[in-house]
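1. The sequence and its predicted three-dimensional model are supplied below.
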Amino acid sequence: MSRPLNADQGAQMNDKKLKVILVVPATNTTMEAEVRALWPEIDELHRVGIPRPMRPIVASDLPEYREHTLKAVAPYQKIGADMVIYGCTTAGFLAGPEGDLEMQQALVRAVGAPAVTTASSMVEAMSRAGVSRPAIVTPYLKPSNDGLIRFLEAKGVSVSTLDSFFFTTTEQYDRVTDTEVLELAEKTGRDGAADCLFIACTQLPTLSILEVLRERLKKPVLGAIQATVENAKRTLAHDGAAEY
């Protein structure tokens with residue numbers, strides 16, 4: 001059960017070193033650097049790369065992926081982490097809202113610290129921005145895009161339009177540039193029926209382009225990594241004094 005921080009607890013948290021565990025697919029080369037840039041107060045960022053197929057993740061991969069994830073994070077219980085970030089976007093939304101919540105709770109139990117997932121953070125970011133009909137940009141193939149749409153619809157978010165790079169290999173994920181993401185995102189975000197633009201997937205680089213897109217599109221522009229970091233900060237502020 002979380003409880004509000006009193007002044008003494010807040011001071012103690014400010015004095016201690018901030019330790020964060022970042023759980024991502026082993027092939028993810030983007031999220032760690034962007035998390036460090038967005039959250040410079042982190043003293044220790046422990047990246048945990050989860051083994052994955054060298055192709056897009058599909059629903060049948062989830063049981064093994066979950067097993068690998070919990071096994072990989074178990075040794076980190078002893079470091080006294082303050083937060084766990086589950087940045088495996090596809091595994092989150094393909095599991096559905098209940099499965100994503102169960103994974104978040106399993107990470108809390110495994111590490112003994114608050115945890116957030118990128119899938120739920122996306123919805124939280126849109127809710128806080130007061131939007132519910134996004135244009136979406138992804139790198140995914142159609143089965144994953146359909147799974148993302150279903151996940152968002154189950155959370156009360158109706159996707160106005162979705163466009164994708166339709167990557168088929170992890171090498172394509174590694175090579176994508178922020179310029180390429182900017183070009184596809186700007187085109188997709190010009191959908192007049194959309195009340196915001198959301199760039200999904202924590203492998204797509206967005207740190208340098210979100211403000212550019214906001215200026216050009218004149219609407220809220222949200223990214224998976226930034227949404228996750230902001231949700232982690234809020235969760236830590238509210239739950240950081242809880243016992244796990």
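-> In hand now; what should we look at? Numbers count the residues shown, from 1 in each chain.

2. Strands of this structure, start to end?
-> 19-25, 44-50, 83-86, 115-117, 134-138, 161-164, 196-199, 221-223 (DSSP state E).

3. contact partners of the last one?
-> Same thing as strand 221-223. 122, 125-126, 129, 134, 185, 189, 196-199, 204, 206, 210, 213-214 (CB atoms under 8 Å, 6 or more residues apart in numbering). Quick note: C-beta positions are derived from backbone N, CA and C, even for glycine.

4. Show me what counts as buried in that strand.
-> Across strand 221-223, burial judged by 16 or more other CB atoms under 10 Å covers 221-223.

5. residue ranges with poor pLDDT in this protein?
-> Across the chain, the ranges flagged by pLDDT under 70 are 1-15, 240-244.

6. switch to 90 and redo it
-> 1-17, 52-58, 170, 238-244 (pLDDT under 90).

7. any idea how far residue 57 is from residue 20?
-> Distance, residue 20 to residue 57, using CB to CB, to the nearest Å: 23 Å.

8. Look at those two and report which has more neighbours.
-> residue 20 (23 against 20; other CB atoms under 10 Å).

9. Now do the contacts for that one.
-> Taking CB under 8 Å, 6+ apart, one finds 35, 39, 42, 44-46, 81-85, 232 in contact with residue 20.

10. Now list the buried members of these.
-> Neighbour-count burial (16+ other CB under 10 Å) applied to the contacts of residue 20 gives 35, 39, 42, 46, 81-85, 232.

11. quick one: the helices in this structure?
-> 7-15, 31-38, 62-73, 89-94, 96-111, 118-129, 142-154, 170-175, 178-189, 210-217, 224-239 (DSSP state H).

12. Now render the strands of the chain as JSON lines, adding distance to residue 31.
-> Output for the strands of the chain, formatted as JSON lines (distance: least, CB to CB, whole Å):
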{"stretch": "strand 19-25", "distance to residue 31": "5"}
{"stretch": "strand 44-50", "distance to residue 31": "8"}
{"stretch": "strand 83-86", "distance to residue 31": "8"}
{"stretch": "strand 115-117", "distance to residue 31": "13"}
{"stretch": "strand 134-138", "distance to residue 31": "15"}
{"stretch": "strand 161-164", "distance to residue 31": "19"}
{"stretch": "strand 196-199", "distance to residue 31": "13"}
{"stretch": "strand 221-223", "distance to residue 31": "11"}
